[in-house]
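Trainee: What would the 3D arrangement of this be:
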Amino acid sequence: MQSPADTPSIRIAMVEDDVLFQEALRTSIQSSPGLQLASVASTRAAGLAMLEQAAVDVLLVDLGLPDGSGIDVIQAAHQCWPACNIMVSTAFGDEMHVMRSLEAGASGYLLKDSTPACIAAEIRSLHEGGSPISPLIARQILQRFRNPAAPLQPPSQDKPRAVLSAREQEVLEYITKGFTAEEIAGLMAVSRHTVLTFVRRVYKKLEVHSKTEAIYEARSQGLLGG
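Mentor: Sure, this is the predicted structure:
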């Protein structure tokens, strides 16, 4: 019988341009037994070049890269590394990005409101045959199956862009990176109560009621990067 120490590590590659989120994922993966981070890229070009290396078991891909779309990397990886499981980790939650990613070859789709520790756990699930999908994304997929003939809906541009203060924008960006209220309070040198006040203001201005909705709406309005 194989002991845990004898079990081969799950080899992971990552394409992620957000330095803080990349570092948080790196730390989470490296501290998780049985997971091994093989390579990291921060651009579309570097992600495509990475595919010339030996295949890994799991590929994590952000969609909003500085030089193009992560969907191109997914599509190429599906061809170059056919046995690799591909999972999206992004703030894009609109139907168009979701469906195009799945069509390109992704088997999982997580929004960036998932914590790095949660993503590390989902990597195991993906490797074992699961398809980790954020609840908001699963709902969109179900709606697509109910109405397959409907045109894909891009991010909504109907709402006027919300005007956030510098501190509200800062809190929003920390939320997107997966930080808790306590961690944000430490980073901003304010109280947890103050952070929660900023969060409530952001939710009100974006007309949302949850962290996932806030990230999705902020991305739709162009308030965040990829």
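
Trainee: how about stretch 203-219: buried residues?
Mentor: The neighbour-count check on stretch 203-219 (16 or more other Cβ atoms under 10 Å) flags 203, 205-206, 208, 211-219 as buried. For the C-beta atoms, the positions are set from N, CA and C on the backbone; glycine is no exception.

Trainee: I meant stretch 37-50, not that one.
Mentor: Residues of stretch 37-50 classed as buried under the neighbour-count rule (16+ other Cβ under 10 Å) are 37-44, 46-48, 50.

Trainee: Report the central residue of this protein.
Mentor: For the chain, the residue whose C-alpha lies nearest the mean C-alpha position (Cα atoms, centre = their mean) is residue 89; its distance is 2.2 Å.

Trainee: what comes into contact with whichever strand or helix holds it?
Mentor: If you go by DSSP states H and E, residue 89 is part of strand 85-90. Defining contact as Cβ atoms under 8 Å, 6 or more residues apart in numbering, one finds that strand 85-90 is touched by 16, 25, 57-64, 70, 74, 77-78, 97, 101, 105-112, 114, 119, 122-123, 126-127, 132, 226.

Trainee: Mind checking which of those residues land in strands?
Mentor: The strands, defined by DSSP state E, take in 58-61, 64, 108-111 from these.

Trainee: and the residues you listed, which two are the farthest apart?
Mentor: Maximum pairwise distance in those, criterion Cβ to Cβ, is 20.2 Å, between 58 and 64.

Trainee: what residues are up against residue 42?
Mentor: Contact partners of residue 42, counting by Cβ under 8 Å, 6+ apart, are 15-17, 19, 22, 65-66.

Trainee: Can you report phi and psi for the nearest residue to residue 219 once chain neighbours are set aside?
Mentor: Take residue 219 and drop its neighbours on the chain: the residue closest to it by Cβ to Cβ, 6 or more residues apart in numbering is residue 91, 4.8 Å away. As for residue 91, its main-chain torsions (degrees, to the nearest 10) stand at phi -100, psi -10.
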